[in-house]
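below is the structure, and that's it, no one-letter string:
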């Protein structure tokens, strides 16, 4: 009985965390043009919530915000996308120097 309650509480906490993360990412996207420092802080808070709740980070968060500097990605301003056709991926290069690879096809097979 006790484990069922703990499991339900953990699931409720993860759902609340995901809702908070989604809200913070949307706020960061809105504030990015007018106040980049505030948008960066929203990204940092959202990442910390995901760590505390031990929940997976949504794909929208991964694509929208840099993992290293937490800045919102604006292609042409602080981020550049480089296609890698051999691997079937796109590499996002941030102004801070961080690189993130996103696959758009099947994962490459290891030889």
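Right, received. Where do you want to start? This is a predicted model, so every value here is computed, not measured.

neighbouring contacts of the worst-scoring helix or strand of the chain on mean pLDDT?
The weakest-scoring helix or strand in the chain, judged by mean pLDDT, DSSP states H and E, is helix 59-64 (a mean of 82). Helix 59-64 is contacted from outside by 21-22, 25, 28-29, 46-47, 50, 72-73, 92, 100, 102, using C-beta atoms under 8 Å, 6 or more residues apart in numbering. In short, each C-beta sits where N, CA and C put it, glycine included.

what's the first helix or strand after it?
strand 79-84 (DSSP states H and E).

the next helix or strand after that following strand - contacts with which helices or strands?
Downstream of strand 79-84, the next assigned helix or strand under DSSP H and E is strand 89-94. Strand 89-94 is packed against strand 79-84, strand 99-103, with contacts defined by 3 or more C-beta pairs under 8 Å, 6 or more residues apart in numbering; DSSP states H and E.

could you export the ones you listed as CSV, including distance to residue 35 and mean neighbour count?
CSV is the format used below for those (distance: least, C-beta to C-beta, whole Å; neighbours: other C-beta atoms under 10 Å):
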stretch, distance to residue 35, mean neighbour count
strand 79-84, 18, 13
strand 99-103, 24, 13
